[in-house]
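Trainee: Take a look and give me a structure for this.
(one chain, ligands or ions: 1)
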Amino acid sequence: MSDADDPRLTDASGHTWPRLSPLSTGARGRCPRCGKGALFRGFLSIRDRCAVCGLDYGYADPADGPAVFVQLFACLPGVIFTLMLEIVASPPWWVHLVVSLPVLLVSTVLPLRPIKGWLVASQFYFKAREGRLVRDE
Ligand SMILES: [Zn+2]
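Mentor: Numbers count the residues shown, from 1 in each chain. Prediction:
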């Protein structure tokens with residue numbers, strides 16, 4: 001199926017958008033179809049639809065995906081920094097409160113939005129959806 005045959009790439013006005021990479025749209029918080037409209041309403045809340053092309057974001061359900069990616073990968077620099085600080089310097093507890101806690105918060109909270117956007121855009125790009133049973137008629 002070419003991009004012109006994919007009905008998800010054509011908006012209500014008949015304009016057909018090019019197929020965009022999930023990294024170039026979702027990670028920047030942009031609509032996965034047009035790449036121009038905003039994907040987020042707040043920090044992590046998904047809008048109902050795109051203001052530019054009208055794409056309904058109702059399909060978007062990354063669930064715990066962003067948190068899992070942050071826990072498994074994105075927070076590693078902060079955790080390694082905190083462990084190395086303790087091993088090398090063995091500072092008093094308040095140093096961890098002043099230095100390690102902000103580092104851990106930054107390394108876990110900041111990646112959430114681009115990862116969530118990337119997952120939502122990937123759902124659109126790869127046509128991911130909940131599994132359904134197909135019954136023989
Ligand atoms: Zn759009």
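Trainee: which stretches of this structure have low pLDDT?
Mentor: 1-4, 137 (pLDDT under 70).
Trainee: What strand or helix carries the spatially most central residue of the chain?
Mentor: Closest to where the C-alpha atoms of the chain average out (Cα atoms, centre = their mean) is residue 116, at 1.8 Å. Applying DSSP states H and E as the criterion places residue 116 in helix 112-125.
Trainee: which residues touch the helix or strand harbouring residue 107?
Mentor: In the assignment (DSSP H and E), residue 107 maps to helix 101-109. By Cβ atoms under 8 Å, 6 or more residues apart in numbering, the surrounding residues in contact with helix 101-109 are 70-71, 74-79, 81-82. Every C-beta, even on glycine, is put in place using the N, C-alpha and C of the backbone.
Trainee: Quick check: residue 114 vs residue 50, distance?
Mentor: 18 Å (Cβ to Cβ, to the nearest Å).
Trainee: To clarify, my last question referred to residue 77.
Mentor: 33 Å.
Trainee: circling back: for the helix holding residue 107, buried residues please.
Mentor: Neighbour-count burial for helix 101-109, with 16 or more other Cβ atoms under 10 Å as criterion, is recorded at 103-104, 107-108.
Trainee: Could you do stretch 5-14 as well?
Mentor: For stretch 5-14, by 16+ other Cβ under 10 Å, it's 9-11.
Trainee: returning to what we had before: in strands, which of the contacts of helix 101-109 appear?
Mentor: If you go by DSSP state E, those have nothing in strands.
Trainee: which among the residues you listed end up buried?
Mentor: Buried among those (16+ other Cβ under 10 Å): 70, 74-75, 78, 82.
Trainee: Also within reach of the ion: list those from these.
Mentor: Among these, no residue is within reach of the ion (Cβ under 5 Å from the ion).
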